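**Q** Sequence and predicted structure below; questions after.
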Amino acid sequence: MGYVSPVDFIAVAESTGMINELGHLVFQKACAQAAVLNRGSRQNIRIAVNVSYHQIQSMEFVDYIDSCLRKFGISGDLLEIEITETSLAQNKAMVINVLHALNEIGVRTSIDDFGTGYSSLNYLACMPFDMIKIDKIFIDLLGVSKKGMAITDTIIQMGKTLNMKVLAEGVETKLQHNYLKKGLCDYIQGNLISEPVPARKILQIEGMHKQ
């Protein structure tokens, strides 16, 4: 079939029950890569992994992550779990327990695509996330829409008040970068920094941004 987008195969994996098996493979690869990258880096390089709501419905998920960390000899702070708002609507009590357990083994957690769901503030109030990731739809409005800019400013300030880091997704222009830097956003990601690259080029990019 050639290249198949995650938009297509993730839904199939979820509907067929294969998502946990696929998730296990992804975490094995992520932890192995984190070990390689951090042997060649002078600073910690964290790998973020998106998870499906199916994966966070049991404490077995935490046990598996812990076993991966031990297998590859890396600390939990080199791994970040990204969870979308839509995932959080499923079995909220269990998700809260899973997030606390992940924090106990040092793994960072973030709420992804923030602002695109319907209960964002409720999730921030009751779930122990380390980071908020502002969705690209708001970043695209920087310098274009006063309302969009106000929303981004509000999310950044709210994150600081809640003692959470804030990351802006999909940053593609210098205008966006300068606006976010002025607003004291903690992190940015997007094509302005780098397009997606093979893992072997990560350390080269790291070196360029230190110069």
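**A** Good, I have the coordinates. Numbering: from 1, shown residues only.
**Q** Thought T116 was touching I137, still the case?
**A** Yes. Counting by Cβ atoms under 8 Å, I137 sits close enough to T116 to count as a contact (6.9 Å). C-betas here are computed from N, CA, C, even on glycine.
**Q** what bridges to the residue most central in space within the chain?
**A** Centroid check for the chain by Cα atoms, centre = their mean gives E82 as the closest residue, at 3.7 Å. Beta-bridge partners for E82, by DSSP bridges, are N50, S110.
**Q** contacting residues around it?
**A** E82 makes contacts with A48, V49, N50, V51, T109, S110, D112, K133, as judged by Cβ atoms under 8 Å, 6 or more residues apart in numbering.
**Q** switch to 6 Å and redo it
**A** The contact partners of E82, taken as Cβ atoms under 6 Å, 6 or more residues apart in numbering, are A48, N50, S110, D112.
**Q** burial count for the closest residue to Q33 other than its chain neighbours?
**A** Once flanking residues are discounted, Q33 sits nearest to A199: 5.5 Å by Cβ to Cβ, 6 or more residues apart in numbering. The local packing of A199 (other Cβ atoms under 10 Å) involves 12 other residues.
**Q** ditto for L121
**A** Counted with other Cβ under 10 Å, L121 comes out at 8.
**Q** now swap in the one 4 residues further on and tell me
**A** For A125, the neighbour count with other Cβ under 10 Å is 9.
**Q** Report the secondary structure state of it.
**A** With DSSP: H, G, I helix; E, B strand; the rest coil as the basis, A125 sits in helix.
**Q** Q189 versus that one, what's the distance?
**A** According to Cβ to Cβ, to the nearest Å, A125 and Q189 sit 26 Å apart.
**Q** Now the strand or helix carrying N97: buried residues?
**A** Secondary structure from DSSP states H and E places N97 in helix 92-104. Neighbour-count burial for helix 92-104, with 16 or more other Cβ atoms under 10 Å as criterion, is recorded at V95, V98, L99, A101, L102.
**Q** can you pull the contacts of the first one?
**A** Contacts here follow Cβ under 6 Å, 6+ apart; on that basis V95 touches I56, L88.
**Q** repeat for the second one
**A** Shown in contact with V98 (Cβ under 6 Å, 6+ apart): I56, V62.
**Q** Let me know the pLDDT of it.
**A** In this model, V98 is scored at 94, pLDDT.
**Q** for the fourth one, same thing?
**A** Model confidence at A101, given as pLDDT, is 96.
**Q** was I right about it contacting D63?
**A** No. With contact defined as Cβ atoms under 6 Å, A101 does not count as touching D63 (8.8 Å).
**Q** what distance separates the helix holding N97 from the centre of its chain?
**A** Centroid displacement of helix 92-104 relative to its chain, using Cα atoms, centre = their mean, to the nearest Å, is 16 Å.
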